[in-house]
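[1] Just to be clear, the model below is a prediction. Sequence and coordinates:
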Amino acid sequence: MSLDDETKTFLRSLPSTLNAYHDFVEEILNEMLQMDWDKSILFGVHMALEESISNAIRHGNQENPKKQVQVKCEISAVRFWANICDEGEGYAAGAVPDCRSPGNLGAPGGRGLALIRAYMTTVELSKNGSCLTMEKLLEEPAG
Amino acid sequence: MSTLRHLEISESTSVSVIRFKDQKIIDPQAIQELGQELFDLIEKDDRKKLVLNFSNVEFLSSAALGKLITFDKKSKKQGAELILTNISPEIFQVFAITNLDKLFQIKDSEADALAVL
């Protein structure tokens, strides 16, 4: 579905199963490929979508089949934006150990959010962490 | 050994060279099976020198990284040596972002790994 000639918007309500969203992610990536996004940048978009949606399903909704993950994506030739919300109680992002610290490299979790932050231009958590908004701008802002 | 679903194993003297069959390591069930196949190499087969060749891998999730970390821990516990090789620039960036390039021993090629094992 298209808002206008330049930006396409996708709205999905995804079930809380860890293999039910890959077709949606592929659809977004294929659309961006047709908009001439570079494959190396699409790798990062793929990672950000994979990690944000799987986090929402696994940690937010705890794979509860009665709960959904709401995803909204806006894509254009120069901008990728996504909002992912689960039905969980949220979490304190500051309480997640930094998996990148030298004494914590073998920690079981925390890598997903670190990867999202690395590949996106901006990442914001809201609603106590149950919503994540991320954006990748093809041309980084000056300064 | 029975045929593995996710790994290809070849022997080079005392070293086991392991390649992934999957190009994208994302599916949770596949990651679970992949992890068990890796763990069996050291816990059942008692292999002590392992090269994990990533040449076929185009994408992997943090869940897959978690399995590799567990594999590394189990390898150390069993006294096995593990070296990762042939990692593409995109996949290496994933290791670098998460600082796992400091946890794992990584070499450019199988030959480089075999030279030190």
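    Sure thing, it's come through. What you see is a predicted model; the values in this text were computed from it and never measured. Residues are numbered from 1 along each chain as shown, chains lettered A, B, ... in the order given.
[2] Any regions of chain B where pLDDT drops low?
    Low-confidence segments of chain B, defined by pLDDT under 70: B:1-2.
[3] May I have stretch A:19-35 exported as CSV, CA atoms only?
    The C-alpha trace of stretch A:19-35 is given here as CSV (Å, rounded to 0.1, in the frame of the first residue of the first chain):
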residue,chain,number,x,y,z
ASN,A,19,9.0,-18.1,12.4
ALA,A,20,5.9,-16.1,11.4
TYR,A,21,7.6,-12.8,10.5
HIS,A,22,10.3,-13.7,8.0
ASP,A,23,8.1,-13.3,5.0
PHE,A,24,7.2,-9.8,6.1
VAL,A,25,10.9,-8.9,6.6
GLU,A,26,11.7,-10.3,3.2
GLU,A,27,8.9,-8.2,1.7
ILE,A,28,10.3,-5.0,3.2
LEU,A,29,13.8,-5.9,2.1
ASN,A,30,12.7,-6.6,-1.5
GLU,A,31,10.8,-3.3,-1.7
MET,A,32,13.9,-1.5,-0.5
LEU,A,33,16.1,-3.4,-3.0
GLN,A,34,13.8,-2.2,-5.8
MET,A,35,14.3,1.4,-4.4
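[4] Is A:K136 bridged to anything, and to what?
    Per DSSP bridges, the residues bridged to A:K136 are A:F80.
[5] Does it touch A:M47 like I think?
    No: under the criterion of Cβ atoms under 8 Å, A:K136 is not in contact with A:M47, lying 10.9 Å apart. Using the backbone N, CA and C atoms, a C-beta is placed for each residue, glycine as well.
[6] who touches both of the two?
    Residues touching both A:K136 and A:M47 (Cβ atoms under 8 Å, 6 or more residues apart in numbering or on different chains): A:Y119.
[7] and the gap between A:P108 and chain B?
    As judged by Cβ to the nearest Cβ, to the nearest Å, A:P108 and chain B stand 6 Å apart.
[8] Confirm for me that that residue is in contact with B:A63.
    No: under the criterion of Cβ under 8 Å, A:P108 is not in contact with B:A63, lying 10.3 Å apart.
[9] Compare neighbour counts for these two and give me the winner.
    Under the criterion of other Cβ atoms under 10 Å in any protein chain shown, the comparison of A:P108 against B:A63 puts B:A63 first, with 22 against 10.
[10] Just give the closest residue to the more buried one, not the sequence neighbours.
    The shortest distance from B:A63 to any non-neighbouring residue, by Cβ to Cβ, 6 or more residues apart in numbering or on different chains, is to B:I31 (5.3 Å).
[11] where does that neighbour land in three-state SS?
    When states are read from DSSP: H, G, I helix; E, B strand; the rest coil, the local structure at B:I31 comes out as helix.
[12] now it: how far from B:D46?
    Using Cβ to Cβ, to the nearest Å, B:I31 is found at 24 Å from B:D46.
[13] Neighbour count for these two, which is higher?
    Higher neighbour count among B:I31 and B:D46: B:I31, with 22 against 10, using other Cβ under 10 Å.
[14] Phi and psi next, for the residue with the largest distance to the centre of chain A.
    Relative to the centre of chain A, the most outlying C-alpha is that of A:G103, 27.3 Å out, by Cα atoms, centre = their mean. Backbone dihedrals for A:G103, given as degrees, to the nearest 10, come out at phi -90, psi 0.
[15] just A:A77 next, same as before
    Here A:A77 shows phi and psi, under degrees, to the nearest 10, equal to phi -70, psi -20.
[16] does it really touch A:E6, like I thought?
    Yes: look at A:A77 against A:E6 with Cβ under 8 Å: they come within range, at 7.1 Å.
[17] Now do the same contact list for the spatially most central residue of chain B.
    When Cα atoms, centre = their mean is applied to chain B, the residue found nearest the centroid is B:L52 (3.7 Å). Going by Cβ under 8 Å, 6+ apart, B:L52 touches B:I18, B:L68, B:L82, B:I83, B:L84, B:T85.
[18] Given the helix or strand harbouring it, what are its sheet partners and their directions?
    According to DSSP states H and E, B:L52 maps onto strand B:49-53. Strand B:49-53 sits in its sheet next to strand B:15-20 (parallel), strand B:81-85 (parallel), going by DSSP bridges.
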